[in-house]
Structures are given as C-alpha cells and as structure tokens.
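Colleague: mind looking at a prediction? Sequence and model below.
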Amino acid sequence: MAEQPWRNPRPAPHLPEMQPHLHKLLIPAWLRAWWPAVAWACVIFTLSTDSFSSDHTATVLSFFVKWLFPHLTETQFKFIHHIIRKSAHFTEYFIFCLLIYRGVRGDRKGWRWAWGISALSFAAGYSIMDEIHQAFVASRTASPYDSLLDSIGAFFAFAVLYFWFRFRRPKSHSLQEQVSGPTSAASL
C-alpha cells in the first residue's frame, strides 16, 4: 500500500478511553454534584402533599400491618403508624443532609466544617419551609416538632459525616502499605 502522509498515524480512541472526558463535557460538575440533593428535595416536597397525609398512609399501611399481625388493636396500630411516620421524618432529612453535603463538597475530597455546617443549615431551613408548605395543604398540619425531628435527622447525618471522615483511613496510605509492606524500624 502506498504511503499516505495526510492520514493521522494515531488510531481513533476507543469509547472507554473517551468516557471520562465525555462525562465531564456533557454534564457540568456542579450538576453532577447537586442533582441527587435536588431530586431528594422533590421527593420530600411530594411526601408533604395530600397523597401522603396520615389518613392516606394509614389506609395503605393498615392493610400490610394487619395482614402481618391480625391480632393488633386499633390503638396499637395507631402507635405503629405514628412511629413509622416520625421515623420517616428523621430518615428523609438524614439522607437529605448527606446529599447536600455531597453537593456542597463537589469534586473536592474530605471534610470541612464549613461544608458540614452549610449542609446542616440548608437541611434545617428546608425542613422549616416544608412545614410551612404543609400548613397550606388541607389534610396536613404544620408542626414545629416535626421540623425539629427533621433537623435532628440532619444533625445525625452531620455527625456521621464528621466521624466517617475523621476516623476513616485514607485509601492511598493503605494502598502504599500493601505494595511496599509496612515500614519497620529495622528497614530504616
């Protein structure tokens, strides 16, 4: 075959080689960091509507709980229903605070107090706005105690994040030990 000087001697890149670059070009870094928190905020907003009022969740939950435990009295069921609903408040804001921290942190690594306090403050503020939203829904009631419970869930997420980053062993350090072995005084 005749030589073709106009052709590029380097072969075309394969898809796995290009994916990291395409990923960064197609989706901005801020969107990659924040979309889970925004999606979860939409979930929380949806859970604050009439569809998830106490009456509606009791109807659905009573079917399952009474099927599992047919001997339950109405008072026992109401107590279980109350515990499940309050646990949902705690859990949804625990997750929300984690996702907000992810958004605030972005591509950076590790723990910063400013990031944690920002995530906690934003989650607590959103819980207040959520209770105000519920005040305008006919089948819901706004409760400062629910907002406090939401904020406690966010605070627990804040504490988990702090302890996770404080006591977690860095991967690069443990990988170096696996390759070279632990450093001893005799080898120095």
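Modeller: Sure thing, it's come through. Residues are numbered from 1 along each chain as shown.

Colleague: quick one: the helices in this structure?
Modeller: 15-26, 29-47, 54-68, 74-105, 113-135, 144-167, 171-180 (DSSP state H).

Colleague: please produce TSV containing these, extended by mean pLDDT and mean neighbour count.
Modeller: All C-beta spots, glycine's among them, are computed from the backbone N, C-alpha and C. Output for the helices of the chain, formatted as TSV (pLDDT from 0 to 100; neighbours: other Cβ atoms under 10 Å):
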stretch	mean pLDDT	mean neighbour count
helix 15-26	71	10
helix 29-47	93	15
helix 54-68	86	12
helix 74-105	94	17
helix 113-135	95	18
helix 144-167	95	17
helix 171-180	54	9
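
Colleague: need those in a markdown table with distance to Arg7, can you?
Modeller: Formatted as a markdown table, the helices of the chain follow (distance: least, Cβ to Cβ, whole Å):
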| stretch | distance to Arg7 |
| --- | --- |
| helix 15-26 | 20 |
| helix 29-47 | 36 |
| helix 54-68 | 66 |
| helix 74-105 | 45 |
| helix 113-135 | 50 |
| helix 144-167 | 51 |
| helix 171-180 | 41 |
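
Colleague: Trp6: which of those is closest?
Modeller: Shortest distance between Trp6 and the helices of the chain, using Cβ to Cβ, is found for helix 15-26: 23.5 Å.

Colleague: for the residue nearest to Arg105 when sequence neighbours are not counted, which residues are in contact?
Modeller: Sequence neighbours aside, Trp115 is the residue nearest to Arg105 in space, at 5.3 Å (criterion: Cβ to Cβ, 6 or more residues apart in numbering). Contact analysis of Trp115 by Cβ atoms under 8 Å, 6 or more residues apart in numbering lists Tyr101, Val104, Arg105.

Colleague: switch to 10 Å and redo it
Modeller: Ile100, Tyr101, Arg102, Gly103, Val104, Arg105, Gly106, Arg108, Leu161, Phe165 (Cβ atoms under 10 Å, 6 or more residues apart in numbering).

Colleague: ok, now Tyr101?
Modeller: For Tyr101, the contact set (Cβ under 10 Å, 6+ apart) comprises 37, 111-112, 115-116, 118-120, 122-123, 154, 157-158, 161, 165.

Colleague: wait, which of the residues you listed is closest to Ile27?
Modeller: Minimum distance to Ile27 across those is 15.2 Å, recorded for Ala37 (Cβ to Cβ).
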